[in-house]
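**Q** Structure for this input, please:
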Amino acid sequence: MHIPTFSFTKQLAVLLSSVLVICTLGWWGYSAYQLETVLTNQIQLRAQVQSQQLSQLPSLVNAVATNNQDLVNEIITTVQVGSDADFITVSDVNGIRLAHPVAQRIGLPVMGGDIGKALTKGESYLSYGVGSLGPSVRYISPIIDDNGTILGMIKVGYLTDTVQVWSSERLLPILLMAMATICLCLILALWFSKYVNRKMQHLEPWQLKQALETHQGVLQATYEGLIAVDINQCIYLANQNSQHLLGTTIKAGMPLSQCISEPMIFSLEGEDFVNRLVRANGHDLVINRVTLNGKTGQQYGAVFGLRAHQELQSLSEKLSQIDRYIEHMRITRHEYQNKLSTISGLLQAGAFEQALHICLAQAKATQDQIDKLSPIVALPLLSGLILAKIGQAGEKNIPLIFSCETDLAQLTPAISQEQLCSLVGNLLDNAIESVAASPTPYVQFEIRQSECEYILWFANNGPMLTTTLENLCQLGFTSKNNSTDHGIGLHLVRSIVEQSKGHIELDSDKDETAFTVYLPKEPLC
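**A** Next up, the predicted model:
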């Protein structure tokens with residue numbers, strides 16, 4: 001990728017400086033134009049007022065009427081002292097000068113060629129022309145006696161050089177202000193570019209684009225669902241997997257309450273956590289939370305990682321299966337070790353008949369168990385689990401009565417063998433635990449079938465359950481004194497049953513407690 005040698009912040013500084021300088025120059029040019037226009041209008045007005053007032057001065061009118069050059073020149077010289085005009089000239093009706101700032105030019109014809117209308121028509125007007133003193137702006141007024149006779153004209157003017165000097169004097173402060181403004185704009189542009197550079201983490205736009213694209217790619221490629229929540233409980237970031245896991249569409253800025261049925265699950269209060277089991281939008285999830293803190297340590301949000309509970313459940317089921325096999329082998333080893341010790345003692349004592357009787361009884365018991373499991377021999381994980389539970393219950397002197405009338409061949413594929421083992425194992429564990437304090441305990445497990453479903457029946461003579469099935473299956477709910485590692489089993493059972501489109505029932509009285517699970521059959525083609 002091409003890396004520009006002229007950084008973005010420098011480009012920004014140059015661009016801002018150019019814009020500000022152009023705006024300042026435009027302002028200065030407009031101000032100069034307005035100032036010059038106002039100054040010119042004022043000069044024109046001054047020339048007009050002086051010219052018209054002097055043309056009506058009685059002494060001047062009489063002096064022009066008598067063609068008295070000395071008197072006219074004396075009057076004009078006196079007026080010139082108190083006027084800011086560059087020149088005041090008077091001529092007779094023939095255009096011969098009667099008064100002029102330069103004495104040598106008195107008696108000579110007027111120059112400029114702009115006095116005709118005043119001498120012939122008696123008009124007053126503003127004129128721009130080049131006279132004997134140079135380019136100027138002048139106002140010409142006719143001198144008229146009481147009879148209306150045109151006697152001559154008077155001209156009051158300001159040289160162009162004088163106008164430019166006055167304009168320069170007034171433009172200089174504006175020019176200095178414009179230069180100061182340009183310097184300030186350059187400083188502000190430099191400061192703003194550095195500020196933007198800091199906010200952009202000293203990265204160029206192409207680097208920010210690359211980082212954003214990478215961020216989006218990593219976000220969508222992340223297997224876990226990710227949700228970022230701000231301090232106002234609004235979602236400002238969510239990847240596709242999180243929307244899939246929650247079964248809803250999430251948009252940036254959306255409040256948690258609009259897309260999640262249990263928004264308190266994503267609360268920012270308390271400590272961070274890992275692998276917490278929750279139920280959100282009807283889905284069982286495992287979530288983690290990482291709090292986001294600013295440089296000052298103030299919390300401004302949190303990121304939640306979501307995983308489908310089935311993943312953790314699947315791993316848990318496999319580990320539990322291994323634990324069950326190990327437990328079954330331990331129980332079997334312990335049981336057979338005791339019986340082998342007994343047989344060994346009988347053989348040493350010569351009691352061959354009794355030793356043979358024990359061997360045959362054990363073989364018969366083992367064969368009876370195998371015969372009971374024969375319908376589900378195609379499900380080795382379930383068979384092994386049931387054997388392990390029978391042995392576990394037997395070690396606690398709890399009879400576990402098992403019967404099976406079907407091979408579960410048409411069991412819906414929506415439930416795997418591992419999930420079926422998790423369902424059976426959790427219900428048998430609960431039954432064994434519930435009768436541990438009973439003087440005459442028993443646990444029964446039967447597998448039956450009807451026309452369209454399989455029926456798994458678990459019964460025990462433990463204490464009567466007064467809590468509803470809905471509460472028992474809530475995540476974290478337990479009736480045991482020690483809640484550690486409890487409150488999950490029945491929740492998992494309900495999740496598996498719901499996933500397979502089945503249902504579960506609870507019947508409990510003082511004599512017996514029974515859980516009945518109904519799992520649908522897969523229809524035959």
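
**Q** Sort out which residues of stretch 125-144 are buried, please.
**A** 127, 129, 131-133, 136-144 (16 or more other CB atoms under 10 Å). All C-beta atoms are positioned from the backbone trio N, CA, C, and that covers glycine.

**Q** Check the offset of it from the chain's centre.
**A** Relative to its chain's centre, stretch 125-144 lies at 73 Å (CA atoms, centre = their mean, to the nearest Å).

**Q** same question, stretch 42-59
**A** With CA atoms, centre = their mean, you get 74 Å for stretch 42-59.

**Q** what's the answer for stretch 255-264, then?
**A** Per CA atoms, centre = their mean, the centroid offset for stretch 255-264 relative to its chain is 18 Å.

**Q** quick one: low-confidence ranges for the stretch 1-150 of the chain?
**A** Applying pLDDT under 70 to the stretch 1-150 of the chain flags residues 1-6, 112, 132.

**Q** Now do the phi/psi pair for the residue sitting furthest away from the middle of the chain.
**A** Most distant residue from the mean C-alpha position of the chain: residue 66, 94.7 Å away (CA atoms, centre = their mean). Note on residue 66: its backbone torsions stand at phi -90, psi 0 [degrees, to the nearest 10].

**Q** For residue 60, see how far away it is.
**A** Distance, residue 66 to residue 60, using CB to CB, to the nearest Å: 11 Å.

**Q** Not counting sequence-adjacent ones, nearest residue to residue 174?
**A** Closest residue to residue 174 apart from its sequence neighbours, by CB to CB, 6 or more residues apart in numbering: residue 31 at 5.2 Å.

**Q** Next secondary structure after the strand or helix carrying that neighbour?
**A** Following DSSP states H and E, one finds residue 31 within helix 8-55. Later in the chain than helix 8-55, the nearest helix or strand by DSSP H and E is helix 58-65.

**Q** tally of neighbours for the residue nearest to residue 174?
**A** 15 (other CB atoms under 10 Å).

**Q** how far away is it from residue 79?
**A** To residue 79, residue 31 is 35 Å away according to CB to CB.

**Q** And residue 86, by the same measure?
**A** Residue 86 is 13 Å from residue 79, where distance means CB to CB.

**Q** Check residue 116 too.
**A** Distance, residue 116 to residue 79, by CB to CB: 25 Å.

**Q** Phi first, then psi, for the residue positioned nearest the centre of the chain.
**A** In the chain, the centroid-proximal residue (CA atoms, centre = their mean) is residue 236; its distance is 4.5 Å. With angles defined as degrees, to the nearest 10, residue 236 sits at phi -110, psi 0.

**Q** Pull the contacting residues for it.
**A** Residue 236 sits next to 228, 229, 230, 252, 253, 301 when contact means CB atoms under 8 Å, 6 or more residues apart in numbering.

**Q** ranking those by neighbours, who comes first?
**A** Neighbour counts for the contacts of residue 236, by other CB under 10 Å, peak at residue 229, which reaches 23 neighbours.

**Q** What is the three-state secondary structure of residue 197?
**A** The local conformation at residue 197, judged by DSSP: H, G, I helix; E, B strand; the rest coil, is helix.

**Q** neighbours of it, just the number please.
**A** 18.

**Q** ok, the nearest residue in space to it that is not next to it in sequence - how many residues close by?
**A** Among residues not flanking residue 197 along the chain, residue 9 sits closest, at 4.3 Å (CB to CB, 6+ apart). Other residues within reach of residue 9, judged by other CB under 10 Å, total 19.

**Q** Likewise for residue 468?
**A** Count around residue 468 with other CB under 10 Å applied: 10.

**Q** For it, which non-adjacent residue is spatially closest?
**A** residue 506 is the one closest to residue 468 (CB to CB, 6+ apart), at 8.0 Å.

**Q** residues in contact with the one you found?
**A** Counting by CB under 8 Å, 6+ apart, residue 506 makes contact with 465, 468, 469, 472, 513, 514, 515, 516.

**Q** Would you tell me what the next helix or strand after the strand or helix carrying it is?
**A** Using DSSP H and E, residue 506 sits in strand 503-508. Per DSSP H and E, strand 503-508 leads on to strand 513-520 as the next helix or strand towards the C-terminus.

**Q** Perfect, I'm done here.
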